[in-house]
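Enquirer: what would the 3D arrangement of this be:
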Amino acid sequence: MSTTISSNRLMIQLTRIFGHANALDEENAIFLEDLSVRTWRSAVREVISNVPLDMQDQGGNYDQYYAWYWEFLEREWAKVPAEKQDVVVGGNPSADHLHPRHLAKLYEILTFLAHGLTHQDRPALSELTAQVENKGFFKSNTGGDDGGVRNQLVFIAIGWLTMLFEPNLSPQNGSISVQPTLDTKGQIMSSDIFDTISATLSETRGIPLHQLLKHFGTLIPTEFWTHRHTNNWAPDTFSEQIVVSCINYRTLYRIAGIKLEFTSSASLHLDFDERTKTIKIFQYPSFCMMVASGISSTEIVDSQHYAYLNRLFQDYLRGNMVEMSDQDRTESNKSHEKIDIRAFYLEILMSYRLIFGQNRGSWKLFSSHHKKRNFSDPLLLRLCAKNCRKEMTYSESFIPQPKPQYSVRKDFAFFGERLVHLQRFVIEQDPGDFWTLWYDKRDILRYYTFWAVIWVGGVSLLLSLAQNVIGILQLRSSKNGTG
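Expert: The predicted model follows:
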């Protein structure tokens, strides 16, 4: 059963429910409204996981990840300015409570947008907005110029559906924008990912969504993925191995002085700023688990059942083949036909294990630095502050077994370039003092050689000192004997 069919049935059932809601007493009406929220949540879960409603494992381990997502959506929706919320059918909720019918409408809009991204050929933001409006999700225009607000709301919803960027909930009139990453002082942090943080609606009108994302920057790291199936790649880069001892958090912090900065944008994950020695970490691993738990599009015979994230990524990756040769473009295009978007989000999960979970000193250091921090996603602390071998999340997501080093080409097709950049920076650091050398395990052979020299030299020094003491005692004894 395809996503479209099951969701259409859902719409018919809820239409019947609300068609009779006015004839029911208040208690039953509240029950039906709560039921609609749960039902539309299931529909959102279907389009994200790419698993039909009747095949979903309700009550399983994945419920905890979706429970976080529902809280995230409702918390973010509550932050949207009232004048924007009021555009959506259902009215403006009070400041301290989101009405169930209003929440149901939010989930319904997200489901509708996901279907549009899935089944339309490279839709533009303005086209998606018009379809949402034609479906009756927005109130009729009362004369004010709220078309810009409607486009802004759809752009915000796309940010929540992909987690590739954190949408600005209060952009300037007539524009859309992403939320920049701020440091602890509230200053905008530099980034090699975003070229700009805003765009006017007039300049984006009619532009396909994947091109709109490119307008903001490299929201999907694609260089390795685009070229790894072609002849146009650099062997010296792709042959590199990511070594755990060089890139774990203990080494990053103790040797290179690198700090962590948590981000709500998956596109910024592992973005490293050499100037400030700061690396960004995506703080919502539950969303990665939600996507990773689904059925890939290549496993489904029904062509209508196609994940919206797969479609968006496929369009984005194909857009990177403009400068390729015809042969390389053909080979890369074949690889894109088999793209499984789970790989992108699985790499994020694998990077938590690579940097934190595989090394005892690293996850203990993360725990000591951030155990008192109130992360909105509790899974982050589990993945970064625990031994990866004791965390079931990795086995649930079918991530390969941990190993001391990883292939850039095979294991990190999306994030390999960022990991290589980070590793090269760490390797170039020279220990500046004895204590830095004490913690330096980047080269295990050199580390144990250092300790072997310490032990052998220390033992030799003690033996020499002991011999000197014994010689002095013998000399005194002989003098006393002759005296």
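Enquirer: now do the strands in this protein.
Expert: Counting by DSSP state E, the chain has strands at residues 175-177, 198-200, 241-243, 259-263, 272-273, 278-282, 405-407.
Enquirer: outside of the fifth one, which residues touch it?
Expert: The contact list for strand 272-273, computed with Cβ atoms under 8 Å, 6 or more residues apart in numbering, reads M189, S190, S191, I258, T278, I279, K280, R418, H421, L422, F425. Glycine gets a C-beta too; all of them are placed from N, C-alpha and C.
Enquirer: which among those residues end up buried?
Expert: Buried members of the contacts of strand 272-273, scored by 16 or more other Cβ atoms under 10 Å, are M189, S191, I258, T278, I279, K280, R418, L422, F425.
Enquirer: quick one on the thing from earlier: output the strands of the chain in JSON lines; the columns should cover mean pLDDT.
Expert: Formatted as JSON lines, these follow (pLDDT from 0 to 100):
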{"stretch": "strand 175-177", "mean pLDDT": "93"}
{"stretch": "strand 198-200", "mean pLDDT": "91"}
{"stretch": "strand 241-243", "mean pLDDT": "90"}
{"stretch": "strand 259-263", "mean pLDDT": "94"}
{"stretch": "strand 272-273", "mean pLDDT": "93"}
{"stretch": "strand 278-282", "mean pLDDT": "96"}
{"stretch": "strand 405-407", "mean pLDDT": "92"}
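Enquirer: would a markdown table of the ones you listed with distance to Y394 be doable?
Expert: Shown next, in a markdown table, are the strands of the chain (distance: least, Cβ to Cβ, whole Å):
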| stretch | distance to Y394 |
| --- | --- |
| strand 175-177 | 36 |
| strand 198-200 | 38 |
| strand 241-243 | 17 |
| strand 259-263 | 21 |
| strand 272-273 | 24 |
| strand 278-282 | 16 |
| strand 405-407 | 14 |
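Enquirer: so for L270, what's the pLDDT?
Expert: The model reports L270 with a pLDDT of 96.
Enquirer: how close does it sit to A124?
Expert: As judged by Cβ to Cβ, to the nearest Å, L270 and A124 stand 30 Å apart.
Enquirer: number of residues surrounding the residue lying closest to N151 once chain neighbours are set aside?
Expert: Leaving aside its sequence neighbours, N151 sits nearest to T129 (Cβ to Cβ, 6 or more residues apart in numbering; 4.8 Å). Residues contacting T129 under the criterion other Cβ atoms under 10 Å number 23.
Enquirer: wait, T129 sits on Q152?
Expert: No: in this structure, T129 is not within contact of Q152 by Cβ atoms under 8 Å, at 9.1 Å.
Enquirer: of all the contacts of strand 272-273, which comes closest to G116?
Expert: S191 (29.3 Å; Cβ to Cβ).
Enquirer: who's in contact with that closest one?
Expert: Going by Cβ under 8 Å, 6+ apart, S191 touches P180, T181, G217, L268, D271, D273.
Enquirer: so which of those residues is the closest to S362?
Expert: D271 (19.5 Å).
Enquirer: run a quick neighbour tally on that closest one.
Expert: Other residues near D271 come to 27 when the count uses other Cβ under 10 Å.
Enquirer: and for L35?
Expert: Neighbourhood size, L35 [other Cβ under 10 Å]: 15.
Enquirer: heads up, I number from 580, so please use that
Expert: Will do, 580 is the new start, and the previous item becomes L614.
Enquirer: quick one: it from A683, how far?
Expert: Distance from L614 to A683, by Cβ to Cβ: 9 Å.
Enquirer: and if you look at E706?
Expert: 25 Å.
Enquirer: nearest spatial neighbour of H681, skipping sequence neighbours?
Expert: Nearest non-adjacent residue to H681, counting by Cβ to Cβ, 6+ apart: G669, 4.0 Å away.
Enquirer: so who does R932 touch?
Expert: Residues in contact with R932 (Cβ under 8 Å, 6+ apart) are L962, C967, Y973, I978, P981.
Enquirer: likewise for Y644?
Expert: S865, F866, M868, M869, S872, L958.
Enquirer: without its sequence neighbours, what residue ends up closest to it?
Expert: S865 (4.1 Å).
Enquirer: and that neighbour, how many neighbours?
Expert: Using other Cβ under 10 Å, S865 has 22 other residues around it.
Enquirer: circling back: of the buried ones among the contacts of strand 851-852, just say which sits nearest to W649.
Expert: Distances from W649 to these, taken by Cβ to Cβ, are shortest for K859, at 25.4 Å.
Enquirer: E996 versus that closest one, what's the distance?
Expert: 15 Å.
Enquirer: circling back: looking at E706 and A683, which is more packed in?
Expert: A683 (23 against 17).
Enquirer: grab the nearest non-local neighbour of the more buried one.
Expert: A683's closest residue in space is S615 (Cβ to Cβ, 6+ apart), at 4.1 Å.
Enquirer: surely L839 touches I860?
Expert: Yes: under the criterion of Cβ under 8 Å, L839 makes contact with I860 at 5.5 Å.
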